[in-house]
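K.L.:
Okay, predicted coordinates and the sequence, questions at the end:
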Amino acid sequence: MVRAYRNQLSSYNGYMRTNAPELGADLLVDFLNTYDVEDDVDAIDDAAGFAAWAEARGVEPGDAAETKRVRDALRSVVDGEAADLPSVELETICGERSVWLTARTAAQAAVASSLVLSIQGKLERVKLCGADDCRWAFYDKSRNGSRTWCSMGVCGNRQKARTYRSKAGETEAEPEPTAARDAEPA
């Protein structure tokens, strides 16, 4: 399967084409979520499970240690931090007014997806949830790109409830002035 991506941010009229697997935000987000912070579960540690994950996305699992290093570096990048991305070899093929990008392993597909999103100017829309106990990756589809949580119904609600409780606790700690205490002695 060949996918074509048109770069809307450039005056270049050609297409960037990719061979299977389907590269882009969905694959990158799925790859970043192979580590579940909340349950402290790393899907890459389960060789059979990760092989099934990779097969479902049309790639090979590849070397587990390299895959983890790539995933951790990409999680740092989408979280706005500097990271040392391990060297990952990607095959490119140039044709008339097109470029094909191929990925064989999960790590290659994740790096290629990051590259595609970066070229499209959309990598900054891949984010990690703002909740410290979640950190789930998601693609921000909001109009202005300001989404903070993976789910407003879960993580966003928890954070807003925490903020409300902390503000309510601050106001209860401060004594309220009473008429008897504030009255001047006669």
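P.N.:
Nice, I can see it.
K.L.:
Quick one: neighbours of Val111, just the number.
P.N.:
Number of residues near Val111 (other C-beta atoms under 10 Å) recorded here: 24. Where C-beta positions appear, they are placed from N, C-alpha and C, glycine not excepted.
K.L.:
And for Ala51?
P.N.:
Neighbours around Ala51, by other C-beta under 10 Å: 13.
K.L.:
Likewise for Val77?
P.N.:
Other residues within reach of Val77 by the criterion other C-beta under 10 Å amount to 17.
K.L.:
ok, it - contacts?
P.N.:
Contact analysis of Val77 by C-beta atoms under 8 Å, 6 or more residues apart in numbering lists Ala83, Leu85, Ser114, Leu123.
K.L.:
buried stuff in stretch 158-170?
P.N.:
Buried residues in stretch 158-170, counted by 16 or more other C-beta atoms under 10 Å: Gln159.
K.L.:
quick one: contacts of it?
P.N.:
Applying C-beta under 8 Å, 6+ apart, the external contacts of stretch 158-170 come out as Gly130, Ala131, Trp149.
K.L.:
Let's test this: mean pLDDT of it, rounded?
P.N.:
For stretch 158-170, the mean pLDDT works out to 79.
K.L.:
circling back: for the contacts of Val77, which single residue is the most surrounded?
P.N.:
Using other C-beta under 10 Å as the neighbour test, the contacts of Val77 are led by Ser114, with 25 neighbours.
K.L.:
can I assume that residue is in contact with Val29?
P.N.:
No: taking contacts as C-beta atoms under 8 Å, Ser114 lies outside contact range of Val29: 11.0 Å.
K.L.:
Which among the contacts of stretch 158-170 count as buried?
P.N.:
Ala131, Trp149.
K.L.:
Adding secondary structure and distance to Tyr164 as columns, could you present the contacts of stretch 158-170 in TSV?
P.N.:
Output for those, formatted as TSV (DSSP: H, G, I helix; E, B strand; the rest coil; distance: C-beta to C-beta, whole Å):
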residue	secondary structure	distance to Tyr164
Gly130	coil	16
Ala131	coil	15
Trp149	coil	16
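K.L.:
Helix or strand next in line after the lowest-mean-pLDDT helix or strand in the chain, which one?
P.N.:
None of the helices or strands of the chain scores lower by mean pLDDT, DSSP states H and E than strand 15-19, at a mean of 49. Next in sequence after strand 15-19, counting helices and strands by DSSP states H and E, comes helix 25-32.
K.L.:
which other residues reach that following helix?
P.N.:
By C-beta under 8 Å, 6+ apart, helix 25-32 touches 21, 53, 57, 71, 74-75, 78, 106, 109-110, 113-114, 117, 122, 125-126, 128, 137-139.
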